[in-house]
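Show me how the following folds:
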Amino acid sequence: MAAQFLAKLTVMVTDRNVEGLLAQIGRSDDAELLAANAWDIVPLLCACLTQPVAEQHPALLYACDALLEKVAGCGSAKELLIMLLEQADAFSDECKYRALLKALRVTLLRLPLHKASFLDIVFPPLYAHIETLPLPEGINELEDEEFELLQSDPTHASLHEALTNLTDLIEAVALKLNETTGNVAPSRKVVAKVILRMLSYPIASLDLETDSPMTELALRLVNLMTTVTANLFVVDSWLMEGEEDDTSASLVLGVCCLFYIVFTKDICTESLPAVLTPVYVLYMQEVAVQQAMVDKSSLVVLKALGLFTALLHRLPDASVEYVLDSQRYKELPQRLINIMVYNRMKTVRQRALTAMKIYVSKLTVDGRYYFFLRMVNEIKHSGAAGLFVGLIKDEIATQLACEHPVYQFVTYQTLEKLFSPLFKLPQGAETDFLEESDKIMATLNLLRFLLLRDKPKVNSTGIWDMLPKIEGTYIRQLREGLKMSKAHYELELRNKKEASRKGAAPKTANLEVTVGSRILPELNSDQEIHVLNTALTAFQMMECVLGHITEVLCAAEREETTARIPARQ
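This next block holds a predicted model:
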């Protein structure tokens, strides 16, 4: 009887007898026959669940899909689970994946889900298929409104469909767990980790800032996390348990993406313990944030910056202590600087700059001093150094305007330590002034501000006591070096222009342009001329500020001379 039934069903599939297959679905008296032949029926039906069948014989695909779902509800659920997972070992296309997910859903819901072992063997192969799906080409090169173009990208659509199908299964399992008695904590943890891995890839590498179906799906996954995890912060403890799979990059990035959505979209915040202070929450998320900051995907980095900034906004200003010898206080700013300087996306670089400024504002005032002290001694990139010199100038201006300023920013002993690395040229007069231009300009502006703001008679910062040393080394070397650099670049520019007019290669040294000690690709003639003109403009700006400083010093000297004349009379 069973063999005859199987032969009859095989003929129906081979002959594409859709009516016969649909009639079979409607019959209720052959459940035992379906269960008895399940080992043969499942692969028979799965062979028809392909994209070519969907395109050429959609009715056959529908019938086989519906019949497979009926088979999943007959016989031993444990055996059917094994049969379906055998087919899941090699997903050939989305049609098969989608059909197997529906069949697995029927089978799983028939099993006692308080046993986490069932979920442990089901979800890994299902997520493994998601991992094989590619991201849209060039996604890390898009900016702002350009992300809306992804809605018409077929790769993006395939990702969304596959994720939606798996999310449907996870949602059904999560709801069943809520109705299950007994110890379901291990099963909930399995489901939560699958969600984290989906958030890690591909969702963390996709745009979630624009309103789109993918953003809605991400919000849905976060809501599912609250269904299986009463306290979302429990996922941070998994990162600290030291289990091999918990410390993987995928889980860490998933945690970052989870809390990025929670804090930037302001959802599911009721699932966070109110007893935890904002500073402690920031500390808990540092592992995930710092790991995501070094990811190769700019969109992952963007989410790390978004989470970091959102957590900083929850802190009162001047509330975070800075520990000078702490490694984590050293690594975080350095990673922000690397993003500001080297990331290919302008939006990401700007967000990193904003995050750095907010971070500084959240440090206590004395903490800012020690933070700046570390930065001016460790940062080698001129642009980043110039940023911190500007922040130091702003902080000194704020403290000088206070009735009771913090002594680190207004006393000779402390400011001398802060200024010593600033008023020093790396190679003296032979320094590459073009590469160091940002830092030099910021330092000269700081010096001019202090000379104007802190008069010689007051001298609360001690800048006039430091001036002889600054003039004797820094300013003298700067003038000498600028003179040599201008002469060199003017000669190079003349040679380049002359060679360009004659159409011949110039007999000059090869010109290299570096960013943060990284040499950029070789330039053509027009680009070289532009770089040389830019360099000469930068040198002129330095000379202009030096001229203003000289004027301030001369004016101070005249005032001092004038003040002495009545005393002599």
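
Can you pull out the low-pLDDT segments for this protein?
Across the chain, the stretches falling below the confidence threshold (pLDDT under 70) are 1, 89-92, 240-249, 324-326, 328, 503-523, 563-569.

The same query, at a cut-off of 80, please.
For the chain, applying pLDDT under 80 flags the ranges 1-2, 26-31, 88-93, 144, 238-250, 323-329, 499-527, 560-569.

In three-state terms, label the spatially most central residue of it for me.
Geometric centre of the chain, nearest residue: residue 301, 1.3 Å, by Cα atoms, centre = their mean. When the structure is reduced to helix, strand and coil (DSSP: H, G, I helix; E, B strand; the rest coil), residue 301 reads as helix.

does it really touch residue 295, like I thought?
Yes: between residue 301 and residue 295 there is a contact under Cβ atoms under 8 Å: 5.9 Å. Placement of C-beta: from N, CA and C, glycine included.

quick one on the thing from earlier: which residues touch the residue nearest to the centre of the chain?
Applying Cβ atoms under 8 Å, 6 or more residues apart in numbering to residue 301 gives the contacts 292-293, 295, 339, 343, 348.

and the strand or helix carrying residue 497, what does it pack onto?
Counting by DSSP states H and E, the element that carries residue 497 is helix 476-502. With contacts defined as 3 or more Cβ pairs under 8 Å, 6 or more residues apart in numbering; DSSP states H and E, the secondary structure elements packing on helix 476-502 are helix 525-568.

how far is the helix it packs on from where the chain is centred?
Average the C-alpha atoms of helix 525-568, do the same for its chain, and the two points are 42 Å apart (Cα atoms, centre = their mean, to the nearest Å).

Show me what that helix is packed up against.
Under the contact definition 3+ Cβ pairs under 8 Å, 6+ apart, helix 525-568 sits against helix 437-453, helix 476-502.

Comparing those, which stretch has the densest surroundings?
Comparing these by mean neighbour count (mean count of other Cβ atoms under 10 Å), helix 437-453 comes out on top with a mean of 21.

Just the CA trace of it, in CSV.
Included here for helix 437-453 are C-alpha records, laid out as CSV according to Å, rounded to 0.1, in the frame of the first residue of the first chain:
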residue,chain,number,x,y,z
SER,A,437,50.5,72.9,8.0
ASP,A,438,47.2,72.2,9.9
LYS,A,439,49.0,71.7,13.3
ILE,A,440,51.3,74.8,12.7
MET,A,441,48.3,77.1,11.8
ALA,A,442,46.3,76.0,14.8
THR,A,443,49.3,76.4,17.1
LEU,A,444,50.1,79.9,15.7
ASN,A,445,46.4,80.9,16.2
LEU,A,446,46.6,79.6,19.8
LEU,A,447,49.7,81.7,20.5
ARG,A,448,48.2,84.8,19.0
PHE,A,449,45.0,84.3,21.0
LEU,A,450,46.9,83.9,24.2
LEU,A,451,49.0,87.0,23.6
LEU,A,452,45.9,89.1,22.9
ARG,A,453,43.8,87.6,25.7
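
what angle separates that helix from helix 476-502?
Orientation of helix 437-453 against helix 476-502 (axes from the mean of the first three to the mean of the last three Cα atoms, to 10 degrees) gives an angle of 140 degrees.

isn't residue 485 right next to residue 542, touching?
No: in this structure residue 485 lies outside contact range of residue 542 using Cβ under 8 Å: 9.5 Å.

Spit out the residues that contact the two alike.
Contact criterion Cβ under 8 Å, 6+ apart; residues shared by residue 485 and residue 542: residue 433.

ok, back up a step: just name the closest of the contacts of residue 301 to residue 536, please.
Distance to residue 536 across these (Cβ to Cβ) is lowest for residue 343, with 29.4 Å.

Which residues are in contact with the closest one?
Contacts here follow Cβ under 8 Å, 6+ apart; on that basis residue 343 touches 298, 301, 349, 352.

on that earlier part again, select from the contacts of residue 301 every entry located in strands.
By the criterion of DSSP state E, membership of the contacts of residue 301 in strands covers no residue at all.

Which two among those residues are spaced furthest apart?
With distances taken as Cβ to Cβ, the most widely separated pair in the contacts of residue 301 is 292 and 343, at 12.8 Å.

neighbours of residue 170, just the number please.
Neighbours of residue 170 under the rule other Cβ atoms under 10 Å: 24.

How about the contacts made by it?
With Cβ under 8 Å, 6+ apart, residue 170 has these contacts: 191, 194-195, 221, 224.

Would you quantify the distance from the closest residue to residue 131 other than its chain neighbours to residue 222?
In this structure, residue 131 finds its nearest non-sequential neighbour in residue 201, 6.3 Å apart by Cβ to Cβ, 6 or more residues apart in numbering. When Cβ to Cβ, to the nearest Å is the yardstick, residue 201 and residue 222 sit 16 Å from each other.

go on, residue 396?
44 Å.

go on, residue 84?
Look at residue 84 and residue 222: by Cβ to Cβ, they are 28 Å apart.

Which one's more surrounded, those two?
Just comparing residue 84 and residue 222: by other Cβ under 10 Å the higher neighbour count belongs to residue 84, 25 against 21.

Spit out the contact partners of the more buried one.
With contacts taken as Cβ under 8 Å, 6+ apart, residue 84 has the following neighbours: 42, 72, 100, 103-104, 107.

closest to residue 49 among these?
Distance ranking of the contacts of residue 84 against residue 49, using Cβ to Cβ, places residue 100 first at 7.7 Å.

My guess is the closest one contacts residue 46. True?
Yes: checked against Cβ under 8 Å, the pair residue 100 and residue 46 is within contact range at 7.4 Å.
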